[in-house]
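**Q** Pasting the sequence and the predicted model now:
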Amino acid sequence: MTHPDLETLLAAARAAGLRVGILSNGIGISEHRAGAIIEHADFIRISQDDAPDAEQPVRHTFKMYDHLQDEVSRSLENLARARKARPQSTCAVGFSYTIQKNNLRSIPRMVEYVSHSATVRELEMIVTFKIAHGAGEYLCTEEDLRWLRDEVLTNTAFMDHPCVNLRFFRDYFFPRLDLVDIARGEPTRSYYRRGRISCFTPSLFSFIDAFGGVYVCCHLYDDNGDFDSERRRNYVIGDITERSFLEVWGSPEYQQLRARLMPINVDAMPACGECTRHWVPNTLVSRLFEEVFQPLVEELGAPRAIAAYEALASAFPQHAVWF
Ligand code: SF4
């Protein structure tokens with residue numbers, strides 16, 4: 001949000017036919033900036049630490065916490081004004097909260113806030129909750145998680161709320177992932193071990209950082225790390241300032257990594273057990289791959305199987321991602 005040419009970059013990306021999503025802490029979205037975002041971006045998601053009336057900051061490193069909420073409110077008002085002035089805009093505006101031990105008990109107040117804020121309602125904001133994972137002192141304890149599962153996720157007012165994704169936790173997350181794993185910051189460890197599930201992310205997606213480094217996904221990139229992150233050095237697959245992206249994408253290193261994830265071996269790739277990115281699509285696509293695509297390859301050979309698969313996909317365009 002501090003880039004001096006943000007508006008120009010957004011307009012150029014849109015003119016080039018790219019889809020643009022913005023992740024922001026909600027600070028500094030001026031009227032001008034809000035106009036460019038609503039006009040050119042596909043979505044903006046604003047990450048918040050806690051409900052606006054929280055007494056203690058979740059992170060102690062943020063010195064301007066006292067003024068943070070005023071800043072975020074101003075940004076939201078600017079986005080709402082920009083949206084009103086551009087009724088044809090399809091830019092979705094959302095909030096996200098990463099739940100950890102310091103903000104877990106605020107979930108009811110977070111839901112209350114999004115239910116009652118006029119600006120949030122005007123922007124039709126969808127609120128996404130995630131649960132913190134990885135190594136760190138901020139993880140929820142097993143007791144915290146039981147409270148969430150048994151007290152919050154049984155409350156119908158929260159569960160029926162049209163703008164929050166808490167039903168996902170009640171119906172999918174807690175029934176399938178082990179509580180002990182979640183509390184250890186490795187939510188998918190046992191799930192991936194039990195399930196013979198492959199990760200299709202390296203075949204569908206690539207992450208390129210601001211310096212040209214190519215990574216298989218944002219988790220292996222170490223997205224909260226600093227510029228000197230050891231993990232980034234370990235996981236970088238190639239550099240598009242040295243080779244073309246297609247060369248990197250088809251390189252033996254990339255192919256080896258894809259092979260190691262078919263299925264995911266969490267003992268060989270422990271970071272995958274910490275990762276909740278794409279675990280739901282991975283589950284569904286693994287079944288389709290094993291039950292539909294592989295039998296087709298065995299029967300018809302790869303080229304004809306791909307053609308048959310594409311024909312199937314075009315018959316169900318609204319479900320194309322699953323085919
Ligand atoms: S499971 Fe997660 S960490 Fe592992 S490759 Fe897939 S997206 Fe990346």
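**A** Perfect, thanks for sending it.
**Q** Could you use CA atoms for every contact and neighbour count after this?
**A** Will do.
**Q** what sits opposite the closest residue to S24 other than its chain neighbours in the beta ladder?
**A** Leaving aside its sequence neighbours, S24 sits nearest to I46 (C-alpha to C-alpha, 6 or more residues apart in numbering; 4.9 Å). Assessed by DSSP bridges, I46 has beta-bridge partners S24, F95.
**Q** Correct me if wrong: I46 contacts S96.
**A** Yes: here I46 reaches S96: they are 6.1 Å apart, a contact under C-alpha atoms under 8 Å.
**Q** before we move on, the earlier item: for the residue nearest to S24, what are its contacts?
**A** For I46, the contact set (C-alpha atoms under 8 Å, 6 or more residues apart in numbering) comprises L23, S24, N25, G26, V93, G94, F95, S96.
**Q** Repeat the analysis, applying 6 Å as the threshold.
**A** S24, N25, G26, F95 (C-alpha atoms under 6 Å, 6 or more residues apart in numbering).
**Q** How about S286?
**A** By C-alpha under 6 Å, 6+ apart, the contact list for S286 reads I197, S198.
**Q** Leaving out the residues flanking it, which one is nearest to the residue nearest the centre of the chain?
**A** Residue closest to the mean C-alpha point of the chain, counted by C-alpha atoms, centre = their mean, is R277 at 6.4 Å. Nearest non-adjacent residue to R277, counting by C-alpha to C-alpha, 6+ apart: H219, 7.8 Å away.
**Q** repeat for K101
**A** Nearest to K101 is C140, by C-alpha to C-alpha, 6+ apart, at 4.4 Å.
**Q** does that neighbour really touch I99, like I thought?
**A** No: using C-alpha atoms under 6 Å, C140 is not in contact with I99, being 7.9 Å away.
**Q** if we can go back for a sec, which phi and psi does the residue nearest to K101 have?
**A** Backbone torsions for C140, taken as degrees, to the nearest 10, come to phi -70, psi 150.
**Q** And for the one 5 residues further on?
**A** Phi and psi for L145, reported as degrees, to the nearest 10, are phi -70, psi -40.
**Q** how close does it sit to I38?
**A** 37 Å (C-alpha to C-alpha, to the nearest Å).
**Q** Looking at these two, which one has more neighbours?
**A** For L145 versus I38, the count of surrounding residues by other C-alpha atoms under 10 Å is larger for I38: 26 against 21.
**Q** Please give the element, helix or strand, for that one.
**A** Element membership for I38 (DSSP states H and E) is helix 31-40.
**Q** what does the chain have sitting close to the ligand?
**A** Residues of the chain found near the ligand (C-alpha under 6 Å from any ligand atom) are C199, T201, C217, H219, L220, A271, C272, C275, R277.
**Q** and which of those residues is nearest the ligand?
**A** Closest approach between the residues of the chain next to the ligand and the ligand, by C-alpha to the nearest ligand atom: C272, at 3.7 Å.
**Q** For the residue nearest to the closest one when sequence neighbours are not counted, which three-state class applies?
**A** With sequence-adjacent residues excluded and distances taken as C-alpha to C-alpha, 6+ apart, C272 is closest to V266, at 6.0 Å. Using DSSP: H, G, I helix; E, B strand; the rest coil, the structure places V266 in coil.
**Q** same thing with R194?
**A** Assignment for R194 (three-state DSSP): helix.
**Q** Pull the number of nearby residues for it.
**A** 9.
**Q** Same check on W249?
**A** Counted with other C-alpha under 10 Å, W249 comes out at 20.
**Q** and if you look at the one 10 residues further on?
**A** For A259, the count of nearby residues is 14 (other C-alpha under 10 Å).
**Q** starting at the chain centroid, how far to the host helix or strand of it?
**A** Using DSSP H and E, A259 maps to helix 252-260. Distance of helix 252-260 from its chain centroid, counting by C-alpha atoms, centre = their mean, to the nearest Å, is 23 Å.
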